[in-house]
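In: Structure for the following, please:
(4 chains)
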There are 2 protein chains.
Amino acid sequence: MRTWKQDPEAVRADILNAATAEFAQNGLDGARVQDIADRIQTSKRMIFYYFGDKDGLYRAVLEQAYRSVRQREAELDLKGLSPVDALRRLVEFTFDHHRDHADFIRLVMIENIHDARHMRKIESLSGTSNAAIDQLREICEAGKAAGLFRDDISPLALHWQISALSFFNVANRSTFSMNFGDGLFSEQAQAELREQVVKSILAIVM
Amino acid sequence: MRTWKQDPEAVRADILNAATAEFAQNGLDGARVQDIADRIQTSKRMIFYYFGDKDGLYRAVLEQAYRSVRQREAELDLKGLSPVDALRRLVEFTFDHHRDHADFIRLVMIENIHDARHMRKIESLSGTSNAAIDQLREICEAGKAAGLFRDDISPLALHWQISALSFFNVANRSTFSMNFGDGLFSEQAQAELREQVVKSILAIVM
DNA sequence: AATATATTTAACCGACTGGTACATTTGGCT
DNA sequence: AGCCAAATGTACCAGTCGGTTAAATATATT
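Out: Take a look at the predicted model:
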């Protein structure tokens, strides 16, 4: 009664969150299991108890991170907007969302260093269904139907470009700043870049 | 005099090249000094003899990689081209160059994971002079002077976008393919993406 | 040739790290 | 209460890895 109450779910969730921070900060090889345990009040033992090994924990982190992101993407409501407005909104959302979730970006960077070999083992991520691309496809079809968009645009290629610009903005900030100064990362400049991205995407479809 | 059984410079160069491959493949923490030695015919001891410690070697790798890239960038000859043609050529060159030097891209990804903290210690990289941005600036000025380009374009923001698209294409190939298939990475699709990037950049300046 | 210096080899080490063995406690159930 | 399985604490281990010690060999210098 006086000692700790057992709450397995909370412990598991705590570990997962601590591990997310640790992996995002230090990478898979740089992360230390002991440091993850130290971030919360638990022991290394518990981590192996719940997740098997370091790789299993990393995979759980990756899975949760992707699930969270996809869920937030699915929550984006574009109903009632014209194709152009919907596309603009989607781009702005993606740009902002990447900026707001740097940990996720870092996990993806790390996974790319590993050629996505851990992701490949997560069955829940192999489903090709993806809200972001579905929404984009709908926008494109509506745009084409309304005669507003070109006929030869590819939703996938469009998504590629939106992702590239939003991702790079967060992922490569450190080296870009080292090479060219951090002028582009002031709030003012970021707002301008965001608008540049929107216009650039709109220019592709129209 | 005739037979140089010892060849320190060659050993040093070999180590540097082997280390470049090892670090690019496995990251800073994932790389193994022993594995670098095994890649060539030398011993671990030599690596520490020439580069001090693992971090020193990594810094040497990074420095050489950046120097090579900057040199190749400087070799791009845009003289005699109109602003539009020069810009198109620069974008195509950057897109291709990134694709052709995946190891460099990976080193930059790795350095970004580490918040560019190793790059920061390399004095030869702190010089802000950069051929790529200089050429772009010239193109922009010529374009504005000729009344072909808008007046409010920023060479830096333009470079940011060219880099973002070229970089992402290589850096995020693994996870992008996992999520959306590898259709965009066929030769045919890559050629189309390349053209999309060119048009998108041109749309920004005009 | 003799000496000094640069380069290379081989064996070794201490710290760290992922993972485990085993004992102990907690809480649900009868 | 008494039992059992889930959950947790403690101590520990075996392999790995960056880095070193010390000695040998090659080259340059005089």
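In: Just give the nearest non-adjacent residue to the residue nearest to the spatial centre of chain A, would you?
Out: Closest residue to the average C-alpha location of chain A: residue A:104 at 4.5 Å, with CA atoms, centre = their mean. With CB to CB, 6 or more residues apart in numbering or on different chains as the criterion, residue A:104 has its nearest non-adjacent residue at 5.1 Å, and that residue is residue A:65. In this view, the C-beta of every residue, glycine as well, is placed from N, C-alpha and C.
In: Pull the contacting residues for that neighbour.
Out: Shown in contact with residue A:65 (CB atoms under 8 Å, 6 or more residues apart in numbering or on different chains): A:20, A:103, A:104, A:107.
In: Could you work out the most separated pair of those residues?
Out: Maximum pairwise distance in the contacts of residue A:65, criterion CB to CB, is 8.8 Å, between A:20 and A:104.
In: Tell me which stretches of chain A form helices.
Out: In chain A, the segments counted as helices under DSSP state H are A:8-30, A:33-39, A:44-51, A:54-74, A:83-100, A:102-113, A:131-145, A:155-171, A:173-180, A:187-205.
In: Out of the ones you listed, which gets nearest to residue B:165?
Out: In terms of CB to CB, the element of the helices of chain A nearest to residue B:165 is helix A:155-171, at 5.0 Å.
In: is the closest one up against chain B anywhere?
Out: Yes - in terms of CB under 8 Å from any CB of the partner chain, part of helix A:155-171 sits within range of chain B, namely A:156, A:157, A:159, A:160, A:161, A:163, A:164, A:165, A:167, A:168, A:169, A:171.
In: Pull stretch A:172-179 out as CSV, backbone CA atoms only.
Out: Output of stretch A:172-179 as CSV, limited to C-alpha atoms (Å, rounded to 0.1, in the frame of the first residue of the first chain):
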residue,chain,number,x,y,z
ASN,A,172,18.6,19.8,-42.5
ARG,A,173,18.3,22.9,-40.5
SER,A,174,21.6,22.4,-38.7
THR,A,175,23.9,21.9,-41.6
PHE,A,176,22.0,24.4,-43.7
SER,A,177,22.5,27.0,-41.0
MET,A,178,26.2,26.1,-40.7
ASN,A,179,26.7,26.7,-44.4
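In: Could you list the buried residues of it?
Out: Of the residues in stretch A:172-179, those with enough neighbours to count as buried (16 or more other CB atoms under 10 Å in any protein chain shown) are A:172, A:173, A:174, A:175, A:176, A:178, A:179.
In: do stretch A:87-100 as well
Out: Applying a neighbour-count criterion of 16+ other CB under 10 Å, the buried positions in stretch A:87-100 are A:87, A:88, A:89, A:90, A:91, A:93, A:94, A:95, A:97, A:98.
In: How about the second one: what's its closest non-neighbour residue?
Out: Taking CB to CB, 6+ apart as the measure, residue A:88 lies nearest to residue A:198, with 5.4 Å between them; neighbours along the chain are not counted.
In: now do residue A:196
Out: Nearest residue to residue A:196 in three dimensions, chain neighbours excluded: residue B:157, at 6.0 Å (CB to CB, 6+ apart).
In: Find me the pLDDT at the residue nearest to residue A:104, would you?
Out: We have a pLDDT of 97 for residue A:65.
In: Who are the contact partners of residue A:22?
Out: Residue A:22 makes contacts with A:31, A:32, A:35, A:36, A:39, as judged by CB under 8 Å, 6+ apart.
In: doesn't residue A:23 make contact with the first one?
Out: Yes - with contacts defined as CB atoms under 8 Å, residue A:31 counts as touching residue A:23 at a distance of 5.0 Å.
In: what do those two both touch?
Out: Residues touching both residue A:31 and residue A:23 (CB under 8 Å, 6+ apart): residue A:58.
In: Point out where chain A drops to low pLDDT.
Out: A:1-5, A:127-129 (pLDDT under 70).
In: Now do residue A:39 against DNA strand C, distance only.
Out: As judged by CB to the nearest atom of the strand, to the nearest Å, residue A:39 and DNA strand C stand 13 Å apart.
In: go on, residue A:45?
Out: Distance, residue A:45 to DNA strand C, using CB to the nearest atom of the strand: 5 Å.
In: Can you give me the neighbour number for that residue?
Out: The local packing count at residue A:45 equals 9, with neighbours defined by other CB atoms under 10 Å in any protein chain shown.
In: likewise residue A:145?
Out: When neighbours are counted by other CB under 10 Å, residue A:145 registers 10.
In: Look up phi and psi at residue A:32.
Out: Recorded main-chain torsions at residue A:32 are phi -120, psi 130, according to degrees, to the nearest 10.
In: on that earlier part again, I'd say the residue nearest to residue A:88 and residue A:91 touch.
Out: Yes - under the criterion of CB under 8 Å, residue A:198 makes contact with residue A:91 at 5.0 Å.
In: Now for those two: what residues contact both?
Out: With the criterion set as CB under 8 Å, 6+ apart, the contacts of residue A:198 and residue A:91 do not overlap.
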